[in-house]
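Novice: Mind folding the following:
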Amino acid sequence: MSRLTLTIGWLCLCLMRPDVAWADPLLVEISNGQLRGRDRGDYHSFESIPYAEPPIGNLRFEAPKPYKRQWSEVFDATKAPEFCLQFSLFLQGAIVGKEDCLTVSVYRPKNASRSSFPVMAYIHGGAFMFGGVMEYGQELIMSAGNFILVKISYRLGPLGFLSTGDSDLSGNFGLKDQRLALQWIKENIASFGGEPENIMLMGHSAGGASVHYQLLYGGLEGLVKVAVSLSGTALCPWATQSDERQKALKLGHALECNVNGNSLELKHCLQSKDPRDIVGAVEHFMVFGYVPFAPFGPVIESPDTVEPFVTQHPVEVMKGGKYLQIPWLLTYTVEEGGFNAAIFLEKDDEDDRELIEVLNMRWNELAPDLLFYRHITNNTEDLNRYSQELKYQYLGDRNFSFDSYLDLQRMFTDILFRNPIQRTLELTRSQRKSPFYCYAYDNPPDFGLGNWLSGRTDISLGTLHCDDLYLMLNSVVHANLRSDEQIISKNLLQMLLDFVESDKGQLSYDTCQFKDIAGQDKLELVYITREGCENRQVEKIP
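Specialist: Take a look at the predicted model:
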């Protein structure tokens, strides 16, 4: 063999190996062809990579189709991801984003001590209605240097979840998007240096509920090794919709799709509409500000749907115990409901009083939509009675006011998060055979999402929704970490790394070893504060 042949062969081998120092680390080969990413200093990013065909035209309101196109030129993966088209809570009902949004974004740290990395596949929250991957930063994970992070974009609101309750317009397109994205990750992540056998599926809020949905319904086998649901499960009242057919027809009527109740005609009519008009019709479902915050979301699909995703209520699936058994961590913060209640601390522009006082006049009207129980009865008198009983349970004879705000926040916490998470823990631990864990986080930030939503810093809101998430996936709302938060952040990221790399799904945080509560009579969790952690055995979560 000639020296020239040996040299050429060695050069080809070097170009194929990602760990060779002088090989181009920004050029990656996947099944569709080559793509080029961006050097971000401490890490490389490969963003806005399509995993599905654009869900537009005749593919709107259909299950996603895998992206099969072959690139004749190098694909530009330096473009930042965009919002999926939505009626945004955070932008006061503005319509933002685009319909062609089914992409994944991959972030790989520069860490010379590792030739490959475990993978965190992340599903963002936003009540299945709003939000996007760009709201969550990757810098904390990248600086730790041990994970490849993949952020998943999926359809939201009516474009992702509109349903007539039958096979013609089945719904759950957003959940099906997530599943297809996970298949893409499994098939392609090794090209980025990821370990396809070590994939962690993690989500927050609606993303946490999505993780739960992905575990409960078939098809996830072999795709992920461990799962983490932060602050959300499929049992949260906002995570499983009712009256979906009525909502679909109402939306169609708003867009002049008068089809006499024919589901297929409704779908075809809506496929011809401007997608921004479809998303804008969400406004017709709002009764006060952005209330209800989740008018569209997962539904129970008709059994004759082609390849349905959700065919039974999550409670029934959990009771049966026939779902994917992989190690699962479920978490919550002690005042989750502050995310929903904080808007009532805002001042009214006209009389400088907090919006909470509006509830004194409109409680019976708004409470069923604020707390997602309007579907429990068609009898207005019974619904009003339940609303008044709920108010008395938390406020007694007092009125809604600034002084009683924390009681309102506790009501929101219990009904929207704590109680359904408690139910999930109870149902899951009695049926699971694989490791199952829980932590509670109690460490208020100096300035968090609740402060941002309310515009207030003169009241201590406690530890709210997102306050632990932002120590893993940083955001501009919680940008500057205190010294104790920096320690907690490091411990949380190490906890996640140990979890995905463990052969038996064992889990620890700092000095606390999690107790596997699967099959146990007692509930034990790890309680995390600024002082450290402790194992607590409880009847009810705090």
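
Novice: what residue ranges in the stretch 251-400 of the chain score low on pLDDT?
Specialist: 349-350 (pLDDT under 70).

Novice: Outline the domain layout of the chain.
Specialist: 25-306, 333-538 (automatic domain parsing).

Novice: In a markdown table, list those domains along with distance to residue 314 and mean neighbour count.
Specialist: Just so you know, the C-beta spots here come from the backbone N, C-alpha and C atoms, and that holds for glycine as well. Listed next are these as a markdown table, based on distance: least, CB to CB, whole Å; neighbours: other CB atoms under 10 Å:
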| stretch | distance to residue 314 | mean neighbour count |
| --- | --- | --- |
| domain 25-306 | 4 | 20 |
| domain 333-538 | 9 | 18 |
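
Novice: Compare those domains and report which one is nearest to residue 323.
Specialist: Closest approach to residue 323 among the domains of the chain (CB to CB): domain 25-306, 4.6 Å.

Novice: got the residue ranges for the strands in the stretch 201-350 of the chain?
Specialist: Assigned by DSSP state E, counting those that start in this stretch, the stretch 201-350 of the chain shows strands spanning 226-230, 328-333.

Novice: Let's have the ones you listed in TSV, adding distance to residue 157.
Specialist: Output for the strands of the stretch 201-350 of the chain, formatted as TSV (distance: least, CB to CB, whole Å):
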stretch	distance to residue 157
strand 226-230	22
strand 328-333	25
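
Novice: Among the ones you listed, which comes closest to residue 204?
Specialist: Relative to residue 204, the nearest member of those by CB to CB is strand 226-230, separated by 4.2 Å.

Novice: Please verify my assumption that residue 466 contacts residue 448.
Specialist: Yes - between residue 466 and residue 448 there is a contact under CB atoms under 8 Å: 6.9 Å.

Novice: For the chain, name the helix or strand with the lowest mean pLDDT.
Specialist: Within the chain, no helix or strand scores below helix 3-16, which has a mean of 40 by mean pLDDT, DSSP states H and E.

Novice: could you point out which element follows that helix?
Specialist: Using DSSP states H and E, the helix or strand that follows helix 3-16 in sequence is strand 27-30.

Novice: mean confidence for that following strand?
Specialist: Average pLDDT, strand 27-30: 97.

Novice: who touches that strand?
Specialist: Residues outside strand 27-30 that contact it (CB atoms under 8 Å, 6 or more residues apart in numbering) are 34, 35, 36, 37, 46, 49, 74, 77, 188, 191, 192.

Novice: Give the next helix or strand downstream of it.
Specialist: Downstream of strand 27-30, the first helix or strand assigned by DSSP H and E is strand 33-36.

Novice: Packing partners of that next one?
Specialist: strand 27-30, strand 75-76 (3 or more CB pairs under 8 Å, 6 or more residues apart in numbering; DSSP states H and E).

Novice: Other residues contacting the very next helix or strand once past it?
Specialist: Using DSSP H and E, the next helix or strand after strand 33-36 towards the C-terminus is strand 38-39. For strand 38-39, the external contacting residues (CB under 8 Å, 6+ apart) are 25, 26, 44, 45, 46, 47, 77, 78.

Novice: How about stretch 212-227?
Specialist: Applying CB under 8 Å, 6+ apart, the contact partners of stretch 212-227 are 121, 175, 178-179, 182-183, 185-186, 197-202, 211, 229, 232-235, 239, 298, 309-311, 314, 317-318, 323-324, 326-329, 424, 499-500, 502, 505.

Novice: Can you pick out the ones from the residues you listed that are in helices?
Specialist: The helices, defined by DSSP state H, take in 175, 178-179, 182-183, 185-186, 211, 314, 317-318, 424, 499-500 from these.

Novice: what about stretch 508-526, start to end distance?
Specialist: 9 Å (CA to CA, to the nearest Å).

Novice: again but with stretch 309-328, I slipped
Specialist: 20 Å.

Novice: chain center to it: distance?
Specialist: Stretch 309-328 sits 18 Å away from the centroid of its parent chain (CA atoms, centre = their mean, to the nearest Å).

Novice: In contact with the nearest residue to residue 327 once chain neighbours are set aside, which residues are there?
Specialist: Computed as CB to CB, 6 or more residues apart in numbering, the closest residue to residue 327 that is not its neighbour in sequence is residue 505, at 2.9 Å. Contacts for residue 505 (CB under 8 Å, 6+ apart) come out as 226, 326, 327, 434, 435, 499.

Novice: Output those as TSV; include the columns distance to residue 375.
Specialist: Output for those, formatted as TSV (distance: CB to CB, whole Å):
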residue	distance to residue 375
226	34
326	32
327	34
434	33
435	35
499	37
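
Novice: Most widely separated two among the residues you listed?
Specialist: Between any two of the contacts of residue 505, the greatest separation by CB to CB is 12.7 Å, found for 434 and 499.

Novice: which of the contacts of strand 38-39 lies closest to residue 88?
Specialist: Residue 88 lies nearest to residue 47 out of those, by CB to CB, at 20.6 Å.

Novice: how would you label that closest one: helix, strand or coil?
Specialist: strand (DSSP: H, G, I helix; E, B strand; the rest coil).

Novice: Tell me the predicted confidence for it.
Specialist: 98.

Novice: In contact with it, which residues?
Specialist: For residue 47, the contacting residues are 37, 38, 77, 78, 79, 80, 81, 103, 105, 106, by CB under 8 Å, 6+ apart.

Novice: try 6 Å
Specialist: Contacts for residue 47 (CB atoms under 6 Å, 6 or more residues apart in numbering) come out as 77, 80, 81, 105.

Novice: for the stretch 51-200 of the chain, what are the low-confidence residue spans?
Specialist: Residues of the stretch 51-200 of the chain meeting the criterion pLDDT under 70: none.

Novice: ranges for the helices of it?
Specialist: Secondary structure of the stretch 51-200 of the chain by DSSP state H, counting those that start in this stretch: the helices cover 139-144, 157-161, 173-188.
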